[in-house]
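Asks: I would like to see how this sequence folds:
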Amino acid sequence: MRLQAFMYKRGGEFGPAWACARAARARAEAAPVAVGAALALATAATLCAYAAWRYFKVKKVNFFTLK
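Replies: Residues are numbered from 1 along each chain as shown. Here you go, the predicted model:
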């Protein structure tokens with residue numbers, strides 16, 4: 001089976017092949033890398049802040065006496 005996206009089939013034959021001008025260009029990878037890095041930094045900062053809060057603010061509990 002042969003398929004051509006967005007091309008009409010006339011008389012049982014497919015139209016001539018053509019290349020899209022925009023498809024020849026490669027996409028820039030700067031934006032996905034920047035967004036991924038920002039999300040990774042936000043996650044790391046959240047985990048570090050939570051660890052610091054647990055270390056300094058949460059009262060230590062002795063689970064054997066529950067005091």
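
Asks: in this structure, which spans are helices?
Replies: 30-57 (DSSP state H).

Asks: Low-confidence regions, it specifically.
Replies: 1-12, 14-16, 18-25, 66-67 (pLDDT under 70).

Asks: what about Arg54, distance to Ala30?
Replies: In this structure, Arg54 and Ala30 are separated by 36 Å, where distance is defined by Cβ to Cβ, to the nearest Å. Heads up, the C-betas are built off the backbone N, CA and C, glycines and all.

Asks: swap that for Phe63, sorry
Replies: Taking Cβ to Cβ as the criterion, Phe63 is separated from Ala30 by 50 Å.

Asks: likewise Leu41?
Replies: When Cβ to Cβ is the yardstick, Leu41 and Ala30 sit 16 Å from each other.

Asks: before we move on, what about Ala45?
Replies: As judged by Cβ to Cβ, Ala45 and Ala30 stand 22 Å apart.

Asks: what's the answer for Lys59, then?
Replies: Computed with Cβ to Cβ, the distance linking Lys59 and Ala30 is 46 Å.

Asks: who has more neighbours, the two?
Replies: Neighbour tally, Lys59 and Ala30, criterion other Cβ atoms under 10 Å: the higher count belongs to Ala30, 8 against 4.

Asks: Relative to Ala37, how far out is the more buried one?
Replies: 11 Å.

Asks: Contact partners for Ala34?
Replies: Listed by Cβ atoms under 8 Å, 6 or more residues apart in numbering, the contact set of Ala34 is empty.

Asks: how deep is Lys60 tucked in, by neighbour count?
Replies: As a burial measure, the neighbour count of Lys60 was computed by other Cβ under 10 Å and equals 5.

Asks: contacting residues for it?
Replies: Lys60 makes contact with no residue, according to Cβ under 8 Å, 6+ apart.

Asks: For it, give me phi and psi.
Replies: Main-chain torsions, Lys60, degrees, to the nearest 10: phi -70, psi 140.

Asks: same thing with Glu29?
Replies: Backbone torsions of Glu29, given as degrees, to the nearest 10, read phi -100, psi 10.

Asks: measure Trp53 to Phe64 for me?
Replies: Distance of Trp53 to Phe64, computed by Cβ to Cβ: 25 Å.
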